[in-house]
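J.: The following block contains a protein sequence and its predicted model.
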Amino acid sequence: MADTARDAPPEQTDFHELEDGEELFPEPATTQESQPASLAAEDISTNSNGPKQDSLFDDDPEDLFAEATEEVSLDSPERDVLLSDGPSPAITPITPPTSVITPRIGHTHDDMFTHSSFDEIEEEEGGDSFDIHISVSDPEKVGEYMTSMSLFKRNEFAVKRRFSDFLGLHSKLASKYLHIGYIVPPAPEKSIVGMTKVKVGKEDQSSNEFVEKRRSALERYLMRTVKHPILLKDPDVLQFLESSELPRAVSTQALSSAGLLRMVNKAADAVNKMTIKMNESDAWFEEKQQHFENLDVQLRKLHTSVESLVCHRKELSVNTAQFAKSAAMLGNSEDHTALSRALSQLAEVEEKIDQLHQDQANADFYLFSELLGDYVRLLTAVKGVFDHRMKTWQKWQDSQMLLQKKREAEAKLQFTNKPDKLQQAKDEIKELEGKVQQGERDFEQISKTIRKEVSRFEKERVKDFKTIIIKYLESLVQTQQQVNKTVSDIFHHN
Amino acid sequence: MMQEGLDDGPDFLSEEDRGPRAVNVDLQTDAMLQVDISDALSERDKVKFTVHTKSTLPNFKQNEFSVVRQHEEFIWLHDSFVENEEYAGYIIPPAPPRPDFDASREKLQKLGEGEGSMTKEEFTKMKQELEAEYLAIFKKTVAMHEVFLCRVAAHPVLRKDLNFHVFLEYNQDLSVRGKNKKEKLEDFFKNVVKSADGVLVAGVKDVDDFFEHEKTFLLEYHNRVKDASAKSDRMIRSHKNAADDINRIASSLYTLGTQDSTDLCKFFLKVSELFEKTRKIEARIAADEDLKLADLLKYYLRESQAAKDLLYRRSRALVDYENANKALDKARAKNRDVLQAETSQQLCCHKFEKISESAKQELIDFKTRRVAAFRKNLVELAELELKHAKGNLQLLQGCLGILKGNT
């Protein structure tokens, strides 16, 4: 599996951000037993996947640890980085999806899909499995790439996960973190139509594309999740990335009762949101909310346009191919030899160009369109977080009002001669005071968290867009260069 | 005013036949006849062409004059050629297609309706786009009508046609109305009969190798040109659609750029600018393909049909001739109406031979024109595509350099 995208990762700085000065695990320098669980997971990987992977993990686990320890002690200032990256199932370097796609599609993906996964799909509903290759990429080691090669390989492991597992992970994370203000990346959406086609066994272009689209989406989802410093430490995430067996996430089926319940809750939330009138004391929040609203609108529009471009470019490719054939036929029937030759050349050129159009359409899609789609969904999560803050505020206000009422009631009771009731009232008031204080703390906490999250999100956003746009432009340049070469060749032939 | 558009226009004729560029010199009578469309006006659903003539022919009252003609009058002229028995042996220059602004008008209307849903900049931009499209269609229709007239003026026999002279000179409305429903229906039936007859006649094997070859060739060629024309249209349409999308993307990026408070704003604005420019180039490429390729194919579709029609007329005359021969033999055998049969046979023979003679030359000329036109247009197209491709690449690389430098 070392074949998959092991180019020197350009975006190494990510890992420093990841860091945040927090160590994920205790010193590995101590005993082997205290080695983080994930290193043990490497053993698991030997029996998780197909025979292909076994060869890579022949090494004696003992050596593995020893070497890791060695590495650690050698470079103490980098120990932190190693700690955060080494044991944890870190991220594959941010390579353009296109370069990652090719090895997978041709390679393990197909095998997994046609053999084992197929059987599994038959039994289960709403699931398919993908091989996500996660590897340790140690930014500090890039320079010493050669020497740390073996460590690199050994920190690679793979687990099999179903689509519903991803959804399950997301729902767990959402329930844990959304309401306290963390922006949890949303998981890819279920598509009943697409999935049915695949299950039925249609091995055609569109179902292949669907599978690839989903694989790419899941990869991006996972990358975003592990990039989040808090989420990365979450035991559910770690379990997801490491353990060979996950309990099945039942509540993620599209048409399940849990699903319906979720939809009802969402509707209720929407209604509530409309009724909450918050006194925004902090202009920052108001400004940010507006900013995200605007961004949402614009990104959606842009996304639609890019999707349309993808569609039209694909059409263009098909039509160019047809025209090429037609021109060739015309050249055949033309009885003037020179003209006939010229027409055939035209046909050839057009054929080459049609392939280039097709490739460009793919780049359009995977680079640009999917990025936009992801961000549109992310913004929903962001807005959700702001909504939770409002709810928290509301809760606090409610407790305060209740406290007020109870105090008034208590004051009234003072004049009556009911010592029990009075005592009860005093107790309630004490309880409520505690609640109010808690509510205030919660509110301040979520506000603080949101501020941090938003700034992190914005940084990520800037980086993501810059990177992807540059990659996209590079793909355009590449295509254009090839087109130019093809066109100028006509003149050389003439 | 429309002259400059002609440079952009399709060039279906070889250099010698092209009206406004070269002076037509009729070597036989040493008289010049030069026709062009110097102006055109688009009113709601009509286009008025100003046909300008320069001639030293004695038939005309003046040496230089202009009249205003509408599309129906061109059709009338064309049909008069077709119906004239004298011209049976010539390839009648194909009639120009009707000016069709419907699609463009519809788009402009839709734009007007959707004005509320887009920003002012977007609206102005799209409006400019559509207006440019309208102008392009307009220029094209002018070019097509002009090409027709030039072909007629260049033809040694057709240029002397009386109807043609009336068309050029009579400065009143020719009162040629478009065909009414009854006439259109008659036309339809005539066509049905003709194609059925054409099939019968085509089955007759020709003694002459040249014509036999031409028949087979033209049939196949015509069909393939039709196919190529349809496919090229689709391809160009997709190209235009993609260019439109890039336009919208550029607008969205611009809005994002102006709204964004982070580092990204400069990024977005730069990329938006880039896409604006590349979009223009993409649209230009599509337009060039349209003019040099699609229009070329469409024209030769029509002309190859006209050539087929010529062959049909010749075959028809051949069949008539053969029938007349048979009738003569029968008459001689029965010794009745022999003189009548003889005259009839002689007429048919004469007609057939006349057609055959001119047809051969016409078909050879057709091939020469066709090859020259294709060569010219394809070379020009390739040169333009290369120019645009290089331009595009420069833009992309330039922008990429700037963006990378910034990050």
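T.: Right, received. Where do you want to start?
J.: From what I see, residue A:309 and residue A:364 are in contact.
T.: Yes - between residue A:309 and residue A:364 a contact is recorded at 5.8 Å, counting by CB atoms under 8 Å. Every C-beta, even on glycine, is put in place using the N, C-alpha and C of the backbone.
J.: If we ignore the residues flanking it in sequence, what's nearest the residue in the stretch 51-200 of chain B that chain A sits nearest to?
T.: Taking CB to the nearest CB as the measure, the stretch 51-200 of chain B has residue B:118 as its residue closest to chain A, at 9.8 Å. Distances taken as CB to CB, 6 or more residues apart in numbering or on different chains put residue B:126 closest to residue B:118, at 7.4 Å, once the chain neighbours are dropped.
J.: now residue B:262
T.: residue A:462 (5.1 Å).
J.: List the contacts of that neighbour.
T.: B:262-264 (CB atoms under 8 Å, 6 or more residues apart in numbering or on different chains).
J.: The longest helix seen in chain A - what's its average pLDDT?
T.: Counting residues, the longest helix in chain A under DSSP state H turns out to be helix A:419-493. Helix A:419-493 comes out with an average pLDDT of 85.
J.: Count the residues that sit near residue 393.
T.: Here I'm looking at chain A. Neighbourhood size, residue A:393 [other CB atoms under 10 Å in any protein chain shown]: 21.
J.: Please refer instead to chain B.
T.: The number of residues near residue B:393, taken as other CB under 10 Å, comes to 18.
J.: do the same with residue A:431
T.: 13.
J.: distance of it from residue A:398?
T.: From residue A:431 over to residue A:398 the distance is 14 Å, taken as CB to CB, to the nearest Å.
J.: One more: residue B:226?
T.: 76 Å.
J.: So for those two, which sits in the more crowded spot?
T.: Neighbour totals were compared for residue B:226 and residue A:398, and residue B:226 leads with 17 against 13 (other CB under 10 Å).
J.: Which residues are in contact with that one?
T.: residue B:301.
J.: 10 Å instead?
T.: A:326, A:330, B:297-298, B:301, B:304-305 (CB atoms under 10 Å, 6 or more residues apart in numbering or on different chains).
J.: Drop anything exposed from those.
T.: A:326, A:330, B:297-298, B:301, B:304-305 (16 or more other CB atoms under 10 Å in any protein chain shown).
J.: Redo those as TSV? Include pLDDT and secondary structure.
T.: Output for these, formatted as TSV (pLDDT from 0 to 100; DSSP: H, G, I helix; E, B strand; the rest coil):
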residue	pLDDT	secondary structure
A:326	90	helix
A:330	88	helix
B:297	92	helix
B:298	93	helix
B:301	94	helix
B:304	92	helix
B:305	93	helix
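J.: And the residues you listed, which is closest to residue A:173?
T.: Distance to residue A:173 across these (CB to CB) is lowest for residue A:326, with 54.2 Å.
J.: before we move on, what SS does the residue in the stretch 101-250 of chain A that chain B sits nearest to have?
T.: Proximity of the stretch 101-250 of chain A to chain B (CB to the nearest CB) peaks at residue A:183, 16.4 Å away. Following DSSP: H, G, I helix; E, B strand; the rest coil, the label given to residue A:183 is coil.
J.: likewise the one 4 residues further on?
T.: For residue A:187, the reduced secondary structure class is coil; criterion used: three-state DSSP.
J.: How about it, nearest residue that isn't a chain neighbour?
T.: residue A:170 (3.8 Å).
J.: What about that neighbour, how many residues nearby?
T.: When neighbours are counted by other CB under 10 Å, residue A:170 comes out with 21.
J.: Also residue A:176?
T.: 15.
J.: Over to residue A:174?
T.: By other CB under 10 Å, neighbour count at residue A:174 equals 18.
J.: Please apply the same query to the one 4 residues further on.
T.: Here the count is done by other CB under 10 Å, and residue A:178 has 16 residues near it.
J.: Could you do the one 3 residues further on as well?
T.: For residue A:181, the number of neighbouring residues by other CB under 10 Å comes to 22.
J.: Please verify my assumption that it contacts residue A:393.
T.: No - in terms of CB atoms under 10 Å, residue A:181 does not count as a neighbour of residue A:393; the distance is 12.0 Å.
J.: any common contacting residues for the two?
T.: Common neighbours of residue A:181 and residue A:393 (CB under 10 Å, 6+ apart) are A:442, A:446-447.
J.: got a winner among the residues you listed for most neighbours?
T.: residue A:446 (23 neighbours).
J.: mind listing what the spatially closest residue to residue B:61 that is not a sequence neighbour touches?
T.: Of all residues not flanking residue B:61 in the chain, residue B:169 sits nearest, at 7.1 Å (CB to CB, 6+ apart). Contacts for residue B:169 (CB under 10 Å, 6+ apart) come out as B:51, B:53, B:55, B:59-62, B:65-67.
J.: which helices and strands sit right next to the helix or strand containing residue B:195?
T.: Residue B:195 is located in helix B:181-202, with elements delineated by DSSP states H and E. Helices and strands touching helix B:181-202, as assessed by 3 or more CB pairs under 10 Å, 6 or more residues apart in numbering or on different chains; DSSP states H and E, comprise helix B:209-259, helix B:295-334.
J.: Could I get these in CSV, plus columns for distance to residue A:410?
T.: Formatted as CSV, the entries for those read as follows, by distance: least, CB to CB, whole Å:
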stretch, distance to residue A:410
helix B:209-259, 52
helix B:295-334, 92
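J.: Could you see whether chain A lies near stretch B:236-251?
T.: Yes - interface with chain A: stretch B:236-251 contributes B:236-251 (CB under 10 Å from any CB of the partner chain).
J.: now, among those residues, which is nearest to residue B:333?
T.: Of the residues of stretch B:236-251 next to chain A, the one sitting nearest to residue B:333 (CB to CB) turns out to be residue B:236, at 62.9 Å.
J.: Please tell me how far the closest one sits from residue A:319.
T.: 8 Å.
J.: Residue A:436 too?
T.: Taking CB to CB, one finds residue A:436 at 68 Å from residue A:319.
J.: Looking at the two, which one has more neighbours?
T.: residue A:319 (22 against 19).
J.: just checking, next helix/strand downstream of whichever strand or helix holds that one?
T.: Following DSSP H and E, one finds residue A:319 within helix A:283-333. Counting by DSSP H and E, the next helix or strand C-terminal to helix A:283-333 is helix A:337-363.
J.: quick one: that following helix near chain B?
T.: Yes - for helix A:337-363 and chain B, the contact criterion (CB under 10 Å from any CB) is met by A:338-340, A:342-343, A:345-347, A:349-350, A:353-354, A:357, A:360-361.
J.: contacting residues around whatever residue of the stretch 251-400 of chain B ends up closest to chain A?
T.: Nearest residue of the stretch 251-400 of chain B to chain A: residue B:252, at 3.9 Å (CB to the nearest CB). Taking CB under 10 Å, 6+ apart, we find residue B:252 in contact with A:297-306, A:372, B:122, B:268, B:272, B:275.
J.: Which one of the residues you listed is nearest to residue A:481?
T.: Closest to residue A:481 out of the contacts of residue B:252 is residue B:275 (18.3 Å), distances taken as CB to CB.
J.: In space, what's closest to residue A:355 - neighbours in sequence excluded?
T.: Closest to residue A:355 by CB to CB, 6+ apart is residue A:317, at 7.4 Å.
J.: returning to that earlier point: which of the contacts of residue B:252 are buried, as a PyMOL select command?
T.: Command for PyMOL that selects the buried part of those, burial taken from 16+ other CB under 10 Å:
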select buried, (chain A and resi 298+299+300+301+302+303+304+305+306+372) or (chain B and resi 122+268+272+275)
